[in-house]
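Student: got a predicted structure here, sequence first:
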Amino acid sequence: LNHIPSPGDPGSRLLDGPALWPAQAHTPTVLGRQLVIDRGEGSYIFTDDGRRLFDGTAGLWHANIGHSNPELAEVAFDQMRRLETYHIFARFTNDKALALGERLAEISPIDRSKVILNSGGSDAIEVACKLARRHWQREGRASKKVILSREFAYHGLHAYGTSIAGLDFNREGYGTDSLVPETARVSFNDPEQVAAVVAEIGPENIAAIVTEPVQGTGGVNPPVPGYLEAIQKICRENDILLLLDEVITGFGRLGTMFAAERYGIEPDMVIFAKGITSGYAPLGGVLVSPQVWEPFYIDSPDTPVFRHGATYAGHATAAAVALRHLEILERDQLIPRVKELETLLRTEFDKLARQNVAVTDVRVAGLLGGITLAGHLKAEQVCDDLIELGYVARPLRGNTIQVSPPFIISDQELTLFVTAIDQAITERE
Ligand code: PLP
């Protein structure tokens, strides 16, 4: 029982690594191979041993305005010297969280939104799913508890995100089908199957459908034409809330402020994170429609409470950074720029697909691209080779390579990136 195998034995414990546990990874695969990033500049990151890499994924789809922007550093510095934060519990609130709420309500795809703020995407998913159930309980329709999500979906890894994961490996290992029992999966592209699942479970038991407008981690899957509209119709006809997870797509990644605009969808809640600050502060939240928030705002002793709060909900420094970040997006015309880059990305991907039989599919929505490879080529290997060439791309489900660079890149940088991918694929073939 107490035997500790010597290093190198199969099954030996990796005892000498850093104390920091990369908990999302298979440790034997990554330990000793991690690149230590100690600096960033615009669209580039630098390792502690001095290598310069083009950040072709914008980190985890977050660094939309690029790295190490001094303007945002100054905003954070100034805000921390004035007030790092003050909580928004009970009789307290803070000026920056209030101002950010107003700004978000102005740009929200939902009319007359209220905004709940917290620290990231997984947090925001937790809030949205809880609020969906709370909504139906308050309506007196307590059986409406099930949250439906799509195959291949990724919604973070807190309790709800784990439970509604459409990437099954993220849901496994907790002793039951999911941490939160009332969840189920629907087809990622077939509305008829969605309608069949709704009928089988019964609309009287379903609180909400959660969907990424374009699936990210599941392999960069834009919606098949008509899918989102069909899901919206199913929701409306069955009193089911529609929750759009815009953690990747929000704040310009698709060339519109939100994907809801691009696809003409009117969700009941929008979940956001990453792109609200481009990662300069941990911040996420939920935009909520009047149908859901109004009952919590009635002037009466009997008005219900949505009990959800955290110390850092409405963090003043994060909110100050977000406000300036939104100004930068607008001032530097970065969202229209994404539209231009989308056209170029499409052209480059079409060329790549024509020139490589090993590329079986390419998908583009905004500045979000997926390249699917034939089985004999492994996306992991191609991405490893790309690092040697000076480029970061990321392998995703379905032998797919993720391409999602910062919005600030030049045409030439995008073309060179796709050329490097082409080279890496060709050299592996
Ligand atoms: N939802 C989507 C669509 C995501 O892509 C992610 C993260 O990649 C999350 C939720 C979780 O966000 P976070 O990692 O900030 O908790």
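Tutor: Structure's in. What do you need?

Student: what is the neighbour count of the residue of the chain with the smallest separation from the ligand?
Tutor: With CB to the nearest ligand atom, the shortest gap between the chain and the ligand falls at G121, namely 2.1 Å. For glycine as for every other residue, the C-beta is placed from the backbone atoms N, C-alpha and C. When counting by other CB atoms under 10 Å, one arrives at 29 neighbours for G121.

Student: give me the pLDDT value at it.
Tutor: Note on G121: pLDDT of 98.

Student: got the contact list for it?
Tutor: H155, G156, G161, D245, V247, I271, F272, A273, K274, G284 (CB atoms under 8 Å, 6 or more residues apart in numbering).

Student: now intersect those residues with the helices, please.
Tutor: G161 (DSSP state H).

Student: up against the ligand, what does the stretch 251-400 of the chain have?
Tutor: Taking CB under 6 Å from any ligand atom as the contact definition, the stretch 251-400 of the chain meets the ligand at A273, G284.

Student: just checking, H315 touches L283?
Tutor: Yes: using CB atoms under 8 Å, H315 is in contact with L283, at 6.9 Å.

Student: possible to save the contacts of G121 as JSON lines with pLDDT and neighbour count?
Tutor: Conversion of those to JSON lines gives the following (pLDDT from 0 to 100; neighbours: other CB atoms under 10 Å):
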{"residue": "H155", "pLDDT": "98", "neighbour count": "32"}
{"residue": "G156", "pLDDT": "98", "neighbour count": "23"}
{"residue": "G161", "pLDDT": "96", "neighbour count": "26"}
{"residue": "D245", "pLDDT": "98", "neighbour count": "32"}
{"residue": "V247", "pLDDT": "98", "neighbour count": "28"}
{"residue": "I271", "pLDDT": "99", "neighbour count": "29"}
{"residue": "F272", "pLDDT": "99", "neighbour count": "26"}
{"residue": "A273", "pLDDT": "98", "neighbour count": "29"}
{"residue": "K274", "pLDDT": "98", "neighbour count": "27"}
{"residue": "G284", "pLDDT": "98", "neighbour count": "26"}
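
Student: between the contacts of G121, which sits nearest G66?
Tutor: K274 (13.8 Å; CB to CB).

Student: if I look at that closest one, how far off is I298?
Tutor: 34 Å (CB to CB, to the nearest Å).

Student: and what of T277?
Tutor: 33 Å.

Student: again with N205
Tutor: Here the distance between N205 and I298 works out to 27 Å (CB to CB).

Student: for those two, indicate the residue with more neighbours.
Tutor: Neighbour count, other CB under 10 Å: between N205 and I298, N205 has more, with 15 against 10.

Student: quick one, longest helix in the chain?
Tutor: With DSSP H as the criterion, the chain gives helix 334-355 as its longest helix.

Student: packing partners of that helix?
Tutor: With contacts defined as 3 or more CB pairs under 8 Å, 6 or more residues apart in numbering; DSSP states H and E, the secondary structure elements packing on helix 334-355 are strand 359-364, strand 369-373, helix 411-428.
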